[in-house]
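*Asks:* here are the coordinates; sequence isn't available:
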């Protein structure tokens, strides 16, 4: 179980959590149901919240314990590529990204309705096991706000939910420098050892150094001659 626990009366306090709540509140069809959802999440009624790729499941306590399921379509590949290209030079690190410490233009691009990270109403499917006939009951609304609170703690879950890798936003898209040294081409290899002929130079060939002859001396023979001379003088 992973309950939604608020530290105060505010549901979301970080850039990502607030952006999620604002995006959901911009959907006019949900306005009448959202206030009850805020009350439920503040009271700790969301006793379990799980966010995975394209899927949100929650247990919300009311007159009974109800199961909420929210399905969200994955971010289209072309949509994600456009976001990466627009934000590639505006995000310095993953820490800045996850903490929401980005320039205003980058945050607006990521949170822009319809073309940012947040889903459109047509990309969301809501269901709850309660008897309420409305597509967004108070239990679903509480779950929606619970997601905003959870993004305060784990903002990377927004990218998981949309089926994209947040680390790709910090990679350079147009890398011209190869990562590995390419193999030598036969065209670039010189097939001659005659450097003088190749560059048209008159190069003096150095004469080999003379080899010194070693003179071997016989120590015993020299000693014998000296003794002989001495005896002859006598």
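*Replies:* Arrived safely. Quick caveat, the model's predicted, so the values are computed rather than measured.
*Asks:* Let's see the pLDDT reported for the spatially most central residue of the chain.
*Replies:* Residue closest to the mean C-alpha point of the chain, counted by Cα atoms, centre = their mean, is residue 167 at 2.0 Å. Listed pLDDT for residue 167 reads 90.
*Asks:* Hmm, residue 95 and it touching each other?
*Replies:* No. Look at residue 167 against residue 95 with Cβ atoms under 8 Å: they stay out of range, at 11.9 Å. Bear in mind the C-beta positions are built from the backbone N, C-alpha and C, glycine included.
*Asks:* which residues does residue 25 contact?
*Replies:* The contact partners of residue 25, taken as Cβ atoms under 8 Å, 6 or more residues apart in numbering, are 31, 34.
*Asks:* quick one: the helices in this structure?
*Replies:* Taking DSSP state H, the helices of the chain run over residues 15-25, 34-42, 77-87, 94-99, 104-111, 138-153, 156-161, 195-199, 219-233.
*Asks:* quick one: the first one to helix 34-42, angle?
*Replies:* If I follow you right, that is helix 15-25. Put simply, helix 15-25 runs at 140 degrees to helix 34-42, going by axes from the mean of the first three to the mean of the last three Cα atoms, to 10 degrees.
*Asks:* As TSV, the helices of the chain with mean pLDDT would be great.
*Replies:* Formatted as TSV, those follow (pLDDT from 0 to 100):
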stretch	mean pLDDT
helix 15-25	93
helix 34-42	93
helix 77-87	92
helix 94-99	89
helix 104-111	88
helix 138-153	96
helix 156-161	95
helix 195-199	50
helix 219-233	47
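*Asks:* Columns distance to residue 1 on top of the ones you listed, output as TSV?
*Replies:* TSV is the format used below for the helices of the chain (distance: least, Cβ to Cβ, whole Å):
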stretch	distance to residue 1
helix 15-25	21
helix 34-42	16
helix 77-87	32
helix 94-99	25
helix 104-111	30
helix 138-153	13
helix 156-161	17
helix 195-199	78
helix 219-233	100
